[in-house]
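> curious how this folds, go ahead:
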Amino acid sequence: MPDSLDINALLHDYVIPWGVNIAMALAIFVIGRWIAGMLVRLVGRLMEKSRLDPMLVSFGTSILNAVLLLFVIIAALNQLGVDTTSFIALIGAAGLAVGLSLQGSLQNFAAGVLLVIFRPFKVGDVIEAGGASGKVEEIGIFTTTLKTGDNRVIIVPNGAIYGGVITNNSARDTRRVDMVFGIGYDDDIKKARDILQSIVDADERILKDPAPLIAVGELADSSVNFFVRPWVKSGDYWSVRFDLNERVKAAFDEAGISIPYPQMDVHLSKEAA
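Next comes the predicted model:
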């Protein structure tokens, strides 16, 4: 009889409570994991509808799934009676240590997320940022890849890009070509202006609206400088700039108009013996 009472007491005091706790912990884990999976899929679909970068969607959903699963495990352990306070403190300390060791990488990651969300530039744009310039080939989570005009590849940390000035040369459909052409003080200003106007008018790539500007911009030390500022499509910027330089030089030479360059006159005096 005593043995029967001991078994009943054992069942009542330990086995049944532990069995209930284990069953509840398993239920919390299974249901929590299912809810976490649904939340992750929902967030993933919302991010995809926002047209975010697929790499960012994958990375973000993976991080969210890990965090939610960690909460589910802690809740299940807490149901079993395990003291999770020290466990949470350990996770916090480990997270702090990892965060400090990966401070630069986390900064680049945060900058990459902001670049994808706010989109100051996109793949295919020509930009100047982070001390480099080139055509954007890829916007990654930690770095952005640029291709230069001479076919070099530059990989720039996202933190350096987002933390500085970003110049997007492809953000608008049109650009203004700012050029300066100097002539000598003895040359005919009207003749030089007419030559510049005829060269600009003859180039079909130069837009009529806004109208190009041709004006005497400054009287420099050794030259009268014309400011020539035509508007072109962004894709024609460099070809128009190079062609105008060549055509103006050839036209000025043919018309006998000088293009001054810096000179220094040295006068020597011979002292009497």
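
> and the helix or strand containing Ala251, what does it pack against?
Using DSSP states H and E, Ala251 maps to helix 237-255. Packing contacts for helix 237-255, counted by 3 or more C-beta pairs under 8 Å, 6 or more residues apart in numbering; DSSP states H and E, involve strand 179-183, helix 189-202. Bear in mind the C-beta positions are built from the backbone N, C-alpha and C, glycine included.

> next helix or strand past the last one?
The one in question is helix 189-202. As assigned by DSSP H and E, the chain's next helix or strand after helix 189-202 is strand 213-219.

> and the strands in the stretch 1-150 of the chain, which stretches?
Listed in chain order, the strands of the stretch 1-150 of the chain (DSSP state E, counting those that start in this stretch) span 126-129, 132-139, 143-147.

> could I get these as JSON lines with mean pLDDT and mean neighbour count?
JSON lines is the format used below for those (pLDDT from 0 to 100; neighbours: other C-beta atoms under 10 Å):
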{"stretch": "strand 126-129", "mean pLDDT": "93", "mean neighbour count": "21"}
{"stretch": "strand 132-139", "mean pLDDT": "90", "mean neighbour count": "17"}
{"stretch": "strand 143-147", "mean pLDDT": "92", "mean neighbour count": "21"}
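
> closest to Val165 out of those?
Val165 sits nearest to strand 126-129 of all those, at 7.2 Å, using C-beta to C-beta.

> that older thread, pick the most deeply packed of the helices and strands packed on helix 237-255.
Across the helices and strands packed on helix 237-255, averaging neighbours per residue (mean count of other C-beta atoms under 10 Å) puts strand 179-183 on top, at a mean of 19.

> show me what that one packs onto, helices and strands only.
helix 189-202, strand 224-229, helix 237-255.

> closest one to Val156 among the ones you listed?
The closest of those to Val156 is helix 237-255. By C-beta to C-beta, the value is 21.9 Å.

> isn't Arg205 up against Gly235?
No - in this structure Arg205 lies outside contact range of Gly235 using C-beta atoms under 8 Å: 9.5 Å.

> now Tyr162: phi and psi?
Tyr162 adopts backbone torsions of phi -70, psi -20, taken as degrees, to the nearest 10.

> with Thr167 instead?
Torsion angles, degrees, to the nearest 10, at Thr167: phi -110, psi 110.

> cool, Ala211 as well?
Given degrees, to the nearest 10, the pair of backbone angles that Ala211 has is phi -70, psi 140.

> distance of it from Arg205?
15 Å (C-beta to C-beta, to the nearest Å).

> before we move on, what about Arg241?
11 Å.

> can you map out the helices along the stretch 1-150 of the chain?
Along the stretch 1-150 of the chain, counting by DSSP state H, counting those that start in this stretch, helices occupy 2-10, 16-49, 54-79, 85-101, 103-118.

> lovely, talk soon.
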